[in-house]
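Undergrad: Provided below for reference: sequence and predicted model.
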Amino acid sequence: MFNITNIDTKSGGERMSSTLFFSKLQKEDIFCQDFNEFERNNEITFSSQGIAVLYAPNGTGKTSLVKILSNSDNCIFNVSYNGQQYDTSSNNLFHIINDQNSRNIIAGTTKDFLLGDNIKKEFDLKSYIDKEYGSILAGLIDKLKNNFNISKKTSPLIDKVENTYLKKYIRDLANSQSKGKEIEQEDFVNKIDCLDVHEILYDEEKLNYLIRNCNDKKSFILKILEIDSDKIKKEEAVQQIEENDEAIKILKKFDYKDECVVCDSQIEREKLLDNKEENRRKVYEALDAKTKEILEKIIGGLAAGDPFNIKAILLDAIKIGNKAVVYDLQKDIENYFEVFNNELNKMFSQCCKQGDIITKIKEYKEILQNKPIMDGEDIRLIQDIVNENIDKKIELQRDENDNLKLFIGDKELINCGRDELHLSSGEQNFISLAFEVLKAKKTDKIIILDDPISSFDSIYKNKITFILIKFLENREQIILTHNLDLVKLMEHQQPKSFNLYLLNNTLDEENGFIRVNSAEQNILLYLNELLGLFRGDIISVIEDKQNFLVSMVPFMRGYTQIIDSEEKNNLTQLMHGFNSEKMDLNNIYKNLFKIDLGIKLEVSADDITNMDISNIKILKQDSYPLLNKTLYHTLTYLYLRLNVEKILVKKYSINTNKYDQLGRIIGAAFRGNDSNNISNRIFLNSKKTLLNEFNHFEGNMNIFQPAIDITDTALKKEKESILEFLSKL
């Protein structure tokens, strides 16, 4: 792994230009074997501005490459970056911005797209408050269950909560469906902050006993509070009931013995048991109704370990008619309900005071009183660039819950289906891409952009290129495209801002990410630089001057059209296969580019059709490999075109004064609607782009475009099919 040091003009310091080293790219059978064991042309180095442009003609696998890097199904990749290994199972390296066909909605949240300081502060506050508030509610639910035995909204203890709004909060928190969702946040925090809390000394065992018992369906604590102590009558016989109860328990427990368990004397156990039960019944029936209720519903349900000593107090009160002890017991229980309420208040009060949520809510409330403002670069992108290109304005508003939302007209923009926005396709694509850039700006990953200007007109293309250059400034990004317009626009927006690569994926060819060197990148992007090369330094890199001059014929003819040179007619003679006039190509080249290649080369169209163009050399391979490939392709197109015209004119005796263009020659050669003529016309007309348009540069002086859009293998296949067709005529 190595790093290339470049100057970061934005920060004023040095920026390290990193390199991606791929060792595998695989998606089904789309990529050839070279990518499975990726060892050559497997590097992508980012420029000093962090940009690498990957030019990939249609059918090369550009979209498949994006799918691989986005970790789609049936995809595998391995890559090294800054000393770390990344693969499909641990892909946190790439952030993908898909092409327009995959951007059906602007997905995410408002926060994903906006970075202004004011908005960021508001979002961060809201996020912090929501997180803290959620933690507070979760903690309260847990403590209500564990400390107060309240886990259901029907808990009887909730009715003993004195504070009205606290009772409402607890009921909602204990509701398994709601879990506090119905509690209004600001109201909750304000009221909790005002709770009255005291320091009360109490017996923890009594409080826990009261809490456990009150949540029992057969709770006797609450029944004790219902006792009217003034109606308690003295019933000495009640002692006998307790005695009989104890005797009955012992007799039933030791029903296998006929001796007394205390003195070992013989007893009639069954008879004795009947006597005790009968005696208890008579005594019980003699009691008044209130005493019976106390005995059955309260004392009878008491278990051992009662810290209030309820059983002893009530039995003693009934036996001697002591009303005061019942009143004191009730008062003690009421006091512990006060303790219960105080401890609840304390728990709720402390839940908000342990952090700074109260302060944050006040700060957030102050922000909400102001209109939300998009500041910084966000407002530049949305207001100055996006809004000026669409009929409807994109605005930042708060919804009914004070959440920040982006609206376009009356529709919320984020997560809204494209059809609902009522915008043109161009507007929809432009907005979605702009917002994807905003989202990508917030990530620290390498940004992958798939065909960002596809299907846009020139105005949108310029603005999108500006967005990529300026709003992703110094962010590492790989831009995949099959459109040279984007490459040129990027260069014009910020010269030398990117490294350029060609993606090739063809069996038995040089495959991978093929770097376009700086010299060729220059002549690819600037016509004046290309012409400057032809006027000077080209002579030092020409391998075969004859092949070079012939390969330049189509470009030179297009050039003469632009500069209105007299050489146009001479070159036109060489552009039709039925012509036999010879032209001095070196002299033409000298007249056009003011440089003498030092040879005399008189050539006719007929001579070109007789050339052997297999494995020919044009330029020295190392200096300008892309231009060398381009010139070979151009020569091949010319060779095929001239041969088609020559053979058709000769075989079908076509009057070239009347039929002087390729399309008209094809029509004249294969007149009529018989199946053979139709088939021949269809075949040759389907090849017209390769045969004709790729030989005419007057409409577009980009000499490279045809060559980078077709592989050597594809061109060879086309050449063989055309020559075979001609051989069978």
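TA: In hand now; what should we look at? Residues are numbered from 1 along each chain as shown.
Undergrad: for this structure, which strand is longest?
TA: strand 19-27 (DSSP state E).
Undergrad: moving C-terminal from that one, which element do we reach first?
TA: Using DSSP states H and E, the helix or strand that follows strand 19-27 in sequence is helix 33-36.
Undergrad: downstream neighbour of that next one in the secondary structure list?
TA: From helix 33-36, the next helix or strand downstream (DSSP H and E) is strand 43-45.
Undergrad: now for that following strand, which elements pack on it?
TA: strand 19-27, strand 51-55, strand 498-504, strand 512-515 (3 or more Cβ pairs under 8 Å, 6 or more residues apart in numbering; DSSP states H and E). C-beta coordinates here come from the backbone N, C-alpha and C atoms, glycine included.
Undergrad: list of residues touching it?
TA: Strand 43-45 is touched from outside by 4, 17-22, 52, 54, 478, 499, 501, 513, 515, with contacts defined as Cβ atoms under 8 Å, 6 or more residues apart in numbering.
Undergrad: circling back to that earlier point, out of the helices and strands packed on strand 43-45, deepest packed?
TA: Of all these, strand 51-55 carries the top mean neighbour count, a mean of 24, counting by mean count of other Cβ atoms under 10 Å.
Undergrad: just the CA coordinates of that strand, formatted as CSV?
TA: Extracted in CSV, the C-alpha atoms of strand 51-55 (Å, rounded to 0.1, in the frame of the first residue of the first chain):
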residue,chain,number,x,y,z
ILE,A,51,-12.1,12.4,-7.5
ALA,A,52,-11.7,9.4,-9.8
VAL,A,53,-13.8,9.2,-13.0
LEU,A,54,-14.4,5.8,-14.4
TYR,A,55,-15.6,5.9,-18.1
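Undergrad: tell me which strands that strand pairs with, and in which orientation.
TA: Using DSSP bridges, the strands paired with strand 51-55 are strand 477-481 (parallel), strand 498-504 (parallel).
Undergrad: and stretch 58-69, which residues are buried?
TA: Judged by neighbour count (16 or more other Cβ atoms under 10 Å), stretch 58-69 contains these buried residues: 60, 61, 62, 63, 64, 65, 66, 67, 68, 69.
Undergrad: can I get that stretch in PDB, CA atoms only?
TA: C-alpha atoms of stretch 58-69 as PDB (Å, rounded to 0.1, in the frame of the first residue of the first chain):
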ATOM      1  CA  ASN A  58     -22.700   0.600 -22.200                       C
ATOM      2  CA  GLY A  59     -22.400  -3.200 -21.700                       C
ATOM      3  CA  THR A  60     -19.100  -3.000 -19.900                       C
ATOM      4  CA  GLY A  61     -20.600  -3.800 -16.500                       C
ATOM      5  CA  LYS A  62     -20.800  -0.300 -15.000                       C
ATOM      6  CA  THR A  63     -24.100  -0.900 -13.200                       C
ATOM      7  CA  SER A  64     -23.000  -4.300 -12.100                       C
ATOM      8  CA  LEU A  65     -19.900  -2.800 -10.600                       C
ATOM      9  CA  VAL A  66     -22.100  -0.400  -8.600                       C
ATOM     10  CA  LYS A  67     -24.200  -3.400  -7.400                       C
ATOM     11  CA  ILE A  68     -21.100  -5.200  -6.300                       C
ATOM     12  CA  LEU A  69     -19.900  -2.200  -4.300                       C
END
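Undergrad: make 16 the first number, not 1, from now on.
TA: Done: numbering now begins at 16, and the last item shifts to stretch 73-84.
Undergrad: any regions of the stretch 316-465 of the chain where pLDDT drops low?
TA: Applying pLDDT under 70 to the stretch 316-465 of the chain picks out residues 316-319, 330-337, 383-400, 403-404, 406-407, 411-419, 432-434, 436-437.
Undergrad: that one: strands as residue ranges?
TA: For the stretch 316-465 of the chain, the strands defined by DSSP state E, counting those that start in this stretch occupy 409-413, 419-423, 426-427, 461-465.
Undergrad: in its sheet, what does the second one sit against?
TA: Looking back up the chat, that one is strand 419-423. Using DSSP bridges, the strands paired with strand 419-423 are strand 409-413 (antiparallel), strand 426-427 (antiparallel).
Undergrad: please report how far residue 626 lies from residue 589.
TA: For residue 626, the distance to residue 589 equals 12 Å [Cβ to Cβ, to the nearest Å].
Undergrad: the two - which one has more neighbours?
TA: Comparing residue 626 with residue 589 by other Cβ atoms under 10 Å, the one with more neighbours is residue 589, at 26 against 16.
Undergrad: check contacts around the more buried one.
TA: 568, 572, 598, 600, 618, 619, 620, 623.
Undergrad: what of residue 699?
TA: Per Cβ under 8 Å, 6+ apart, neighbours of residue 699: 659, 681, 685, 706, 740.
Undergrad: ok, 10 Å please
TA: 659, 663, 677-678, 680-682, 684-685, 706, 737, 740-741 (Cβ atoms under 10 Å, 6 or more residues apart in numbering).
Undergrad: in helices, which of these appear?
TA: Using DSSP state H, the members of these that fall within helices are 659, 663, 677, 678, 680, 681, 682, 684, 706, 737, 740, 741.
Undergrad: without its sequence neighbours, what residue ends up closest to the third one?
TA: Yep, that's residue 677 we're talking about. Excluding the flanking residues, the one nearest residue 677 by Cβ to Cβ, 6 or more residues apart in numbering is residue 707, at 5.0 Å.
Undergrad: tally of neighbours for the one you found?
TA: Counted with other Cβ under 10 Å, residues neighbouring residue 707 total 18.
Undergrad: just the pLDDT for it.
TA: Here the pLDDT value assigned to residue 707 is 79.
Undergrad: and what of residue 267?
TA: 67.
Undergrad: with the one 5 residues further on instead?
TA: Each residue has a pLDDT score; the one for residue 272 is 71.
Undergrad: related to what we said a few turns ago, identify the contacts common to residue 626 and residue 589.
TA: 565, 618, 653, 657.
Undergrad: just among the residues you listed, which is most surrounded?
TA: Ranked by neighbour count (other Cβ under 10 Å), the shared contacts of residue 626 and residue 589 have residue 657 at the top, with 28 neighbours.
Undergrad: please report phi then psi for that one.
TA: Dihedral pair for residue 657: phi -60, psi -40, per degrees, to the nearest 10.
Undergrad: tell me the one of the contacts of strand 58-60 nearest residue 447?
TA: Distance to residue 447, by Cβ to Cβ, is smallest for residue 493 among the contacts of strand 58-60, at 19.5 Å.
Undergrad: what distance separates the helix or strand hosting residue 152 from the centre of its chain?
TA: Assigned by DSSP H and E, residue 152 belongs to helix 132-163. Relative to its chain's centre, helix 132-163 lies at 25 Å (Cα atoms, centre = their mean, to the nearest Å).
Undergrad: same question for stretch 579-590.
TA: With Cα atoms, centre = their mean as the basis, stretch 579-590 stands 56 Å off its chain's centre.
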